[in-house]
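# Predicted model follows, preceded by the sequence.
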Amino acid sequence: MDRAIENVGMYESCNWVIMKPKLGLQLYSLREQLSVNFEKTLEEVALAGYDGVELAGLYNQKTEHVAKLLQDLNLKLVAMHCDVLTDEGLKQSLKEAEVLNCENLICPWVVSDTFASEKGIRLFAEKLNNVNQQIKAHGKNLLFHNHDFEFKRINGECAFDLFAAQLDASIYFELDAYLAAVGGADPIEIMTSFPNRIKMLHLKDGLIFPPNPNMAVGDGNMNYTAILAALPLSVSWLFVELEDCATDMFEAVRKCVRNLAKITSPIIT
C-alpha cells in the first residue's frame, strides 16, 4: 500500500502514454440527484467532461429512455453494476444490457463472509464461473468489483489471490484502488500481479484510516500519480465513484475531472 499513498516518483515506462484510458463516472455517486431529476443530472455529468458512465440501477426510468438519453448526451454506457447472482436478476440484467447496448456486466458486491474461508471463496468462484458462461453466451463480459474485505489473509494467503486463481480467465476485474488500499493491499502490486485481468479502475479518495467520508480524487491520501503511471495496458476506462462525500457531491464529481487532468498531465508529458 505504501507506493499508492506516499509521494513516490512515476514509473519510467508508462502505459498511459501508449493507450490513455477514458474517464467515466459511476452514477451511484449521484444517486440522490438522479432520483430527483434523472435527465438534468445526466446533462450535468456530460457538461463536467466525463466520456461515459456506469449504471447502478435505472432509478425508475424506462430502459429505452435511458439508452436514448445517453446517446443524445454522447455518454457511452460502458458497464452496469447489476444483479448477476440470482437467476431472475441475471435474466433482467441481460435484458437491460441488450436494450442499453452495454457490453460489460459487473458483480458489484458480495457479502463479506464469502471471503472469510477457502470454502466460501471456492463456492463463489464456481458460481461466477457458471454465471460467466451464461453472460458469454449473450456476447457480454463479466467483471468483479472489489471492496476491502477481499484482501484479508487466509492461512497466510491473500483471499483475493485465492479467488482470482479459481476464476475463469475470461472474467475480468474492476479494481477499486481506494478500497483495496483500505483493505491493506497495494493497488500497484495488484495491477502488476494481474496485468491482463484488470479492465477498469474505480477511483475514489479520502483518508485511508479511517476510510470515510470520500473526497474528490486527488484531495485524499491516494497517490494517483503513481497508480495511473503503473496502469496495465488492459485498463481501458477509469471510473470516479464517490460513496459519500465531505463536500457537495456534485462539486466533488466536477473537481475530480479537474484534479485528474492535473494528475495525468506530467504522466503524459
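Yes, it's here.

# Parallel or antiparallel, which strands does the strand or helix carrying L238 pair with?
Following DSSP states H and E, one finds L238 within strand 237-240. In the sheet, strand 237-240 lines up against strand 22-26 (parallel), strand 198-203 (parallel) (DSSP bridges).

# For S265, find the nearest of the ones you listed.
Nearest to S265 among the strands paired with strand 237-240 is strand 22-26 (13.7 Å), distances taken as CB to CB. The C-beta positions use only the backbone N, C-alpha and C, and glycine is treated the same way.

# just the helices in the stretch 51-200 of the chain please.
Here the stretch 51-200 of the chain has its helices, by DSSP state H, counting those that start in this stretch, at 63-72, 87-100, 118-137, 159-166, 177-182, 187-193.

# Output the contacting helices and strands for the last one.
In other words, helix 187-193. Under the contact definition 3 or more CB pairs under 8 Å, 6 or more residues apart in numbering; DSSP states H and E, helix 187-193 sits against helix 2-5, strand 172-176, helix 177-182, helix 224-229.

# How far does stretch 30-50 stretch from one end to the other?
14 Å (CA to CA, to the nearest Å).

# and it, how far out from the chain's middle?
Its chain's C-alpha centre and that of stretch 30-50 lie 19 Å apart, by CA atoms, centre = their mean, to the nearest Å.

# want to throw the helices and strands packed on helix 187-193 into CSV with mean neighbour count and mean pLDDT?
Formatted as CSV, these follow (neighbours: other CB atoms under 10 Å; pLDDT from 0 to 100):
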stretch, mean neighbour count, mean pLDDT
helix 2-5, 18, 46
strand 172-176, 25, 98
helix 177-182, 25, 97
helix 224-229, 22, 95
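
# nearest to L23, of those?
The nearest among the helices and strands packed on helix 187-193, by CB to CB, is helix 224-229 at 10.9 Å.

# Any figure for the gap between the nearest residue to F209 once chain neighbours are set aside and E243?
Spatial nearest neighbour of F209, excluding adjacent residues (CB to CB, 6 or more residues apart in numbering): V182 at 7.8 Å. As judged by CB to CB, to the nearest Å, V182 and E243 stand 11 Å apart.

# Who's the closest spatial neighbour of T225, skipping the chain neighbours?
Closest to T225 by CB to CB, 6+ apart is I263, at 5.4 Å.

# Kindly provide the distance from the one you found to L233.
19 Å.

# Looking at those two, which is more packed in?
A direct count of neighbours by other CB atoms under 10 Å for I263 and L233 places I263 higher, at 19 against 12.

# Can you give me the pLDDT of C14?
Listed pLDDT for C14 reads 57.

# The closest residue to L94 other than its chain neighbours: neighbouring residues, count only.
Nearest non-adjacent residue to L94, counting by CB to CB, 6+ apart: H138, 5.3 Å away. Applying other CB under 10 Å, we find 13 residues neighbouring H138.

# Check E64 too.
E64 has 10 neighbours, counted by other CB under 10 Å.

# Could you verify my assumption that K76 touches E54?
No: counting by CB atoms under 8 Å, K76 does not reach E54; the two are 10.2 Å apart.

# on that earlier part again, nearest to V111, out of the helices and strands packed on helix 187-193?
Of all the helices and strands packed on helix 187-193, it is helix 177-182 that lies closest to V111, at 15.5 Å by CB to CB.

# low-confidence ranges in this protein?
Within the chain, the stretches with pLDDT under 70 are 1-19, 266-269.

# and if we set it to 50?
1-13, 269 (pLDDT under 50).

# Give me the outermost residue of it relative to its centroid.
Here the chain reaches farthest from its C-alpha mean at N155, the gap being 28.1 Å by CA atoms, centre = their mean.

# tell me the contacts of that one?
E118 (CB atoms under 8 Å, 6 or more residues apart in numbering).

# again, only this time at 10 Å
N155 is in contact with S117, E118, L162, counting by CB atoms under 10 Å, 6 or more residues apart in numbering.

# Go ahead and build a PyMOL selection from the buried members of those.
What follows is the PyMOL syntax for the buried subset of these, where burial is set by 16 or more other CB atoms under 10 Å:
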select buried, resi 162
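
# related to what we said a few turns ago, isn't the residue nearest to L94 up against C102?
No: under the criterion of CB atoms under 10 Å, H138 makes no contact with C102, lying 11.0 Å away.
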